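>>> I would like to see how this sequence folds:
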Amino acid sequence: MGSEGPKSVVIQVTGFKKFQGVALNPTETIVNRLEDYVAKRGLPAGVTLGSCTVLETAGVGARDMLYQTLESSTATTAANAGKNEPVVVWLHLGVNSVAVKFAIERQAVNEATFRCPDEMGWQPQNCPIILEDGGTTSARETCCSIDEILKLLKKKGFDVTISDDAGRFVCNYVYYHSLWFAQQKGHRSLFVHVPLFSRIDEETQMQFVTAVVEAIGSTC
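Model (predicted):
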C-alpha cells in the first residue's frame with residue numbers, strides 16, 4: 001500500500017469593498033496585497049494560498065460572485081489535486097467599524113436583517129438566508145479548530161477573541177452561504193472580522209491575516 005503523502009491545505013480568501021459608513025474597507029486592501037505579501041514571507045510546507053477575491057458589499061451581489069468563485073476554485077483545486085486531495089478552507093474577511101481587536105466568528109445565523117441598504121440597495125428584514133435550513137434562528141458553525149487557532153494567534157501577540165455573533169448584515173449573509181457550500185463540498189469555512197486601519201494599522205493587519213492563514217494550515 002502506498003503512502004497518502006504529506007498534508008496539503010489550500011486557503012481561499014475573500015474580502016469586501018466599501019459600504020455605507022466605511023469608505024475604505026481594510027479587507028479590500030488586505031486581500032489585494034495578500035498574494036504578494038505571502039510570497040515574500042513564505043508559508044509553511046503544505047499550505048498554499050489560493051484565490052484572493054474582493055466581493056461587493058451586497059447580499060445578492062456578493063452571493064453570486066461568491067458562488068462563482070467557490071465553484072471555479074473548486075474545479076481548479078480538483079484539477080491540480082493529483083492523488084492527494086487537499087483540504088480546502090475558505091477564509092472570509094470583513095470589517096467591524098467599531099471594533100478595537102480582531103474577532104474569529106464561530107457561527108453564522110440564518111437571518112438577513114440589514115441595518116442599512118447594501119451597496120445594491122437591498123435591505124432585507126428578518127429574512128431566512130437559505131430557506132431549506134428553516135427559520136431565522138437556525139445557525140451553522142465552522143468546523144475549523146478555532147480554539148487552537150486563537151491560541152496560536154495570541155501566542156504571536158495579536159489582540160484577538162472568539163465571537164458568537166457575526167451580525168445580521170452582509171458578513172453574516174456571506175458566511176452562512178459559505179458554511180452551507182462548504183458542507184456540500186467537504187470544505188471548511190471561517191470568517192474573521194478586523195477593525196479599521198485607524199484602530200489597528202495596515203502592516204499589523206497584514207501580519208495578522210498571514211498568521212491566520214498559517215494557523216489554519218497547521219490546525220487542519
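
>>> going forward, measure contacts between C-alpha atoms and count neighbours the same way
OK.

>>> which residue is nearest the centroid of this structure?
residue 92 (1.4 Å; Cα atoms, centre = their mean).

>>> Provide the strand pairings for the helix or strand where that one lies, with the direction of each partner.
Secondary structure assigned from DSSP states H and E places residue 92 in strand 87-95. Strand 87-95 has the following strand partners under DSSP bridges: strand 9-16 (parallel), strand 188-194 (parallel).

>>> which one of those strands has the most crowded surroundings?
When the strands paired with strand 87-95 are scored by mean count of other Cα atoms under 10 Å, the highest mean neighbour count falls to strand 188-194 (a mean of 25).

>>> And for it, what's in contact with it?
Strand 188-194 has contacts (Cα atoms under 8 Å, 6 or more residues apart in numbering) with 26-27, 87-96, 99, 101-106, 142-144, 175, 178-179, 182, 205.

>>> Now do the helices for the chain: every range, in order, please.
With DSSP state H, the ranges of helices along the chain come out as 26-41, 59-80, 146-155, 170-185, 202-219.

>>> now the ones you listed as a markdown table including mean pLDDT, distance to residue 193 and mean neighbour count?
Shown next, in a markdown table, are the helices of the chain (pLDDT from 0 to 100; distance: least, Cα to Cα, whole Å; neighbours: other Cα atoms under 10 Å):
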| stretch | mean pLDDT | distance to residue 193 | mean neighbour count |
| --- | --- | --- | --- |
| helix 26-41 | 97 | 9 | 17 |
| helix 59-80 | 77 | 17 | 16 |
| helix 146-155 | 98 | 13 | 16 |
| helix 170-185 | 95 | 9 | 22 |
| helix 202-219 | 98 | 10 | 19 |
